[in-house]
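>>> this one's sequence-less:
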């Protein structure tokens, strides 16, 4: 018996080691100078004593920036260090998926869910994405809820609430979604369990109130001190305007992406469909989008019918699947706001945890073994199709950017691949500026902005002259903000400006529409002179009088 247990643990260790290898496979892929750049540079600004929302503009909660600042302080300030941290966070997500699946399904199917989550995360090349730690903590909160349902010990409710509080430090929306999901599950499980035990409903609701008081109290224990500290340093108005008002009212206008058409076109109905999906990103996006709608639609229908027909199975699987379904539907809202792979990823991970119990339930209703085999095969094939295009990209990335290679001589890159022209511009700035000298990194034009090279500040180890180092459409394209940027450049006596030729947005949103404001561009062209160009990077020097 002990030998079998040892072999089982050894096999699990080997399996998890393979998972880590997959997650680390893309760690040297090209630097994403905007999405990855603002995360690492915000952390660098915090290390230099700046306070988020007051000293620099950002729409995201501060948790990721402070964690990265601590990690940089401890292990060194490089992109590689940040990516190793991010990969460990992804590994925690995979472990969370495994532990939850093992509790509600079985060991073997939990390994399958674990493998699916690994491949989904392995395909994602967006490092230091704050959704990852938020999702990891959300899964741990749900796991704590599982332990509460299993044991009835209320300390697990406290832990679940504290974890929800931690989620809000990385993404307040995901914290809200997790809190709602856990809250509804506590109410449902408490009410139905009590009702099954023939105890008064009033008593059930009273007990649920006690549990929810513990849950909310534990959440506030984390939220109040942490955000209280931020408010004290940065001011409530700054925090509220940047982190809540702007994302809720303006972000969608400048970042929204259209959904796949309801009926895809040019789909071959033969074996060549596998090749077609593996090479066609549009159809892959279509399949991923509508497959999730089907999964969550089936889950909600199943729950509704079980309530109406009073066929409720009072088990941890039933209630935790309900929690995951609610959370997954909320997470799908991220994809509805901006539909692309990275935004649909969280809902996709949760979807597989939801679909496995549903497939098992459906398969158990099929008595004919042949039909059952075809049913399970169809589900597996359909879900596997969503992997083909990302898998092709993953293989290409590993081929071109081996995790064992070194692709940059820039110190802060940590061997992460940088474009040649970016490296040349960084070398120039570091040569002709002194440590601590402020620079400004902008675009060739500022009336029309999609993204900007925020990472240049981090890689060159030069501070930004302005709080608006992230040039966000709808913000940096306005006259009032451009006036602030110009005033900051003047007050810091900036000698060097880097203008990047970032392609104009072709997205179907307001980022592709010129604001008509040229105040910043006019100032730069009247005050600075173009000195040298490296590909997409043009370096300007303050003109001498």
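Arrived safely, thanks for sending. Only a predicted model underlies this, so the values are computations on that prediction, with no experimental measurement involved.

>>> On the C-terminal side of the helix or strand containing residue 189, identify the next helix or strand.
Residue 189 belongs to helix 172-196 when assigned by DSSP states H and E. Moving toward the C-terminus from helix 172-196, the next helix or strand (DSSP H and E) is helix 201-234.

>>> Give me the phi and psi angles of residue 464.
Dihedral pair for residue 464: phi -80, psi 140, per degrees, to the nearest 10.

>>> per-residue pLDDT, it?
On the pLDDT scale, residue 464 is placed at 97.

>>> That one: how many residues sit nearby?
26 (other C-beta atoms under 10 Å). Bear in mind the C-beta positions are built from the backbone N, C-alpha and C, glycine included.

>>> quick one: it from residue 143, how far?
Per C-beta to C-beta, to the nearest Å, residue 464 is found 40 Å from residue 143.

>>> Residue 459 too?
Distance from residue 459 to residue 143, by C-beta to C-beta: 38 Å.

>>> okay, those two: which has more neighbours?
Set side by side, residue 459 and residue 143 show more neighbours around residue 459, with 28 against 21, by other C-beta under 10 Å.

>>> Please report how far the more buried one lies from residue 465.
From residue 459 to residue 465 the distance is 17 Å (C-beta to C-beta).

>>> same question, residue 148
Taking C-beta to C-beta, one finds residue 148 at 51 Å from residue 465.

>>> What of residue 245?
Separation of residue 245 from residue 465 (C-beta to C-beta): 26 Å.

>>> confidence score at the residue most central in space within the chain?
Central residue of the chain (C-alpha atoms, centre = their mean): residue 131, 2.9 Å from the mean position. As summarised for this prediction, residue 131 has a pLDDT of 95.

>>> again with residue 249
89.

>>> surely residue 520 meets residue 444?
No: if you go by C-beta atoms under 8 Å, residue 520 and residue 444 don't touch, sitting 11.4 Å apart.

>>> Give me the more crowded residue out of these two.
residue 520 (26 against 14).

>>> which non-adjacent residue is nearest the more buried one?
residue 482 (4.1 Å; C-beta to C-beta, 6 or more residues apart in numbering).

>>> how many other residues sit next to the one you found?
As a burial measure, residue 482 scores 24 neighbours (other C-beta under 10 Å).

>>> Also residue 469?
27.

>>> what kind of secondary structure is it in?
Here residue 469 is coil, with the state taken from DSSP: H, G, I helix; E, B strand; the rest coil.

>>> swap in residue 508?
Going by three-state DSSP: residue 508 is coil.

>>> For residue 304, give its distance to residue 412.
53 Å.

>>> When those two are compared, which one has more neighbours?
Remark: of residue 304 and residue 412, residue 412 carries more neighbours, 22 against 10, as counted by other C-beta under 10 Å.

>>> Identify the residues contacting that one.
77, 78, 79, 458, 459, 461 (C-beta atoms under 8 Å, 6 or more residues apart in numbering).

>>> my read is residue 539 is in a helix, agree?
No: note on residue 539: no helix contains this position according to three-state DSSP, which reports strand.

>>> got a list of what it touches?
Residue 539 sits next to 425, 428, 429, 496, 497, 498, 499, 530, 531, 532, 533 when contact means C-beta under 8 Å, 6+ apart.

>>> and the closest residue to residue 174 other than its chain neighbours, what element?
Spatial nearest neighbour of residue 174, excluding adjacent residues (C-beta to C-beta, 6+ apart): residue 134 at 4.3 Å. Residue 134 belongs to helix 131-151 when assigned by DSSP H and E.

>>> If we go by neighbour counts, what in that helix is buried?
By 16 or more other C-beta atoms under 10 Å, the buried positions in helix 131-151 come out as 131-149.

>>> now do stretch 412-428
By 16+ other C-beta under 10 Å, the buried positions in stretch 412-428 come out as 412-419, 421-426, 428.

>>> Figure out the length between the terminal residues of it.
Terminal residues of stretch 412-428 lie 15 Å apart, using C-alpha to C-alpha, to the nearest Å.

>>> before we move on, back to that, angle of the helix holding residue 189 against helix 131-151?
Here helix 172-196 points in a direction 10 degrees away from that of helix 131-151 (axes from the mean of the first three to the mean of the last three C-alpha atoms, to 10 degrees).

>>> now for helix 172-196, which elements pack on it?
helix 131-151, helix 155-168, helix 201-234, helix 316-337 (3 or more C-beta pairs under 8 Å, 6 or more residues apart in numbering; DSSP states H and E).

>>> Could I get the average pLDDT for the helix or strand following the third one?
This points to helix 201-234. Once helix 201-234 ends, the next helix or strand along the chain (criterion: DSSP H and E) is helix 236-240. For helix 236-240, the mean per-residue pLDDT is 95.

>>> quick thing: my sequence starts at 49, can you match it?
Got it, the first residue is 49 from now on, which makes the last one we talked about helix 284-288.

>>> which outside residues touch helix 284-288?
101, 102, 275, 278, 279.

>>> likewise stretch 145-153?
By C-beta under 8 Å, 6+ apart, the residues outside stretch 145-153 that reach it are 157-159, 161-162, 165, 187, 190-191, 194, 198, 364-365, 368-369, 372, 397, 400-401, 404-405, 408.

>>> repeat that with 6 Å
158, 161, 162, 165, 191, 194, 365, 368, 401, 404 (C-beta atoms under 6 Å, 6 or more residues apart in numbering).

>>> Repeat that for stretch 554-574.
So stretch 554-574 is contacted by 301-302, 304, 306, 493-496, 498, 521, 525, 527, 530, 533-534, 553 (C-beta under 6 Å, 6+ apart).

>>> are any of those buried, and which?
Buried members of these, scored by 16+ other C-beta under 10 Å, are 302, 304, 493-496, 498, 521, 525, 530, 533-534, 553.

>>> Give the residue spans of the stretch 49-198 of the chain that score low on pLDDT.
Residue ranges of the stretch 49-198 of the chain with pLDDT under 70: 49-55.

>>> any weak-confidence spans in the stretch 349-498 of the chain?
357-364, 408-438.

>>> show me where it has helices.
Ranges of helices within the stretch 349-498 of the chain are 364-385, 389-412, 417-433, 436-448, 468-480, based on DSSP state H, counting those that start in this stretch.

>>> Reformat these as TSV; add distance to residue 111.
Formatted as TSV, those follow (distance: least, C-beta to C-beta, whole Å):
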stretch	distance to residue 111
helix 364-385	17
helix 389-412	16
helix 417-433	32
helix 436-448	27
helix 468-480	28
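
>>> so who does residue 258 touch?
Per C-beta under 6 Å, 6+ apart, neighbours of residue 258: none.

>>> Okay, residue 264 and residue 384: tell me how far apart.
Distance, residue 264 to residue 384, using C-beta to C-beta: 28 Å.

>>> who's in contact with the residue lying closest to residue 283 once chain neighbours are set aside?
Distances taken as C-beta to C-beta, 6+ apart put residue 102 closest to residue 283, at 6.0 Å, once the chain neighbours are dropped. Neighbour list for residue 102: 282, 283, 286 [criterion: C-beta under 6 Å, 6+ apart].
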